[in-house]
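Undergrad: could you work out the structure for the sequence below:
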Amino acid sequence: MTAVFAWACAGCANAGGEAARVGEAALAGTWSNAAGAHLRLETDRRMAGEGLKRALLGGTDCPDAIAGHWSFFTAPDDDGMSFADDQFTSGDEISLTFGNPEVSCLLSALIRRDAQGLSLCLVEDPDSDCSAEELLRAEPTKSTGKGPKSPTT
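TA: As a prediction, the model looks like this:
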């Protein structure tokens, strides 16, 4: 039993690769996973998603479908605090703001890069992580056949 648990955790570690700092244009487009989750991010900071519970580990109070706004987070300060603001034009984590403020769901997307390119890991707790199955990957765009840009910096 312990060996199975260790193997399962090893498969989850660093899913999606390392944190990747990108600009807003790199995120524009539709992101999805094989389980059927879809998240559309626009360059004007609008966003919409559906089937999102299929992109989150474990139980969640977050709605399955959302529409709203996204913003980059600052880097954590000395106290470990960061905040989201539309003035930021790049980062490695975004805040997803949507719906009724009474909903007890604070959803973020951690931006990662691995050999397959960029991915988004949706989390309620920024200290948590995704498995490979939950990661959202860019869907190819219809006009060029390419997904959101993956800058080299």
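
Undergrad: tell me where the protein has strands.
TA: For the chain, the strands defined by DSSP state E cover 18-19, 22-23, 29-32, 38-41, 46-50, 66-73, 84-85, 90-91, 93-98, 107-114, 117-123, 136-138.

Undergrad: what packs against the first one?
TA: For strand 18-19, the packing partners by 3 or more Cβ pairs under 8 Å, 6 or more residues apart in numbering; DSSP states H and E come out as strand 107-114. The C-beta positions use only the backbone N, C-alpha and C, and glycine is treated the same way.

Undergrad: return the set of buried residues in the strand it packs on.
TA: Residues of strand 107-114 classed as buried by neighbour count (16 or more other Cβ atoms under 10 Å): L107, S108, A109, L110, I111, R112, R113.

Undergrad: what sits up against that strand?
TA: The contact list for strand 107-114 (Cβ atoms under 8 Å, 6 or more residues apart in numbering) reads 15-22, 27, 39, 52, 62, 66, 70, 73, 91-96, 98, 118-124, 126, 129-130, 135-136, 150.

Undergrad: that strand: how far from the chain's middle?
TA: Relative to its parent chain, strand 107-114 has a centroid offset of 4 Å by Cα atoms, centre = their mean, to the nearest Å.

Undergrad: how much does that strand deviate in direction from strand 117-123?
TA: On the basis of axes from the mean of the first three to the mean of the last three Cα atoms, to 10 degrees, strand 107-114 is oriented at 150 degrees to strand 117-123.
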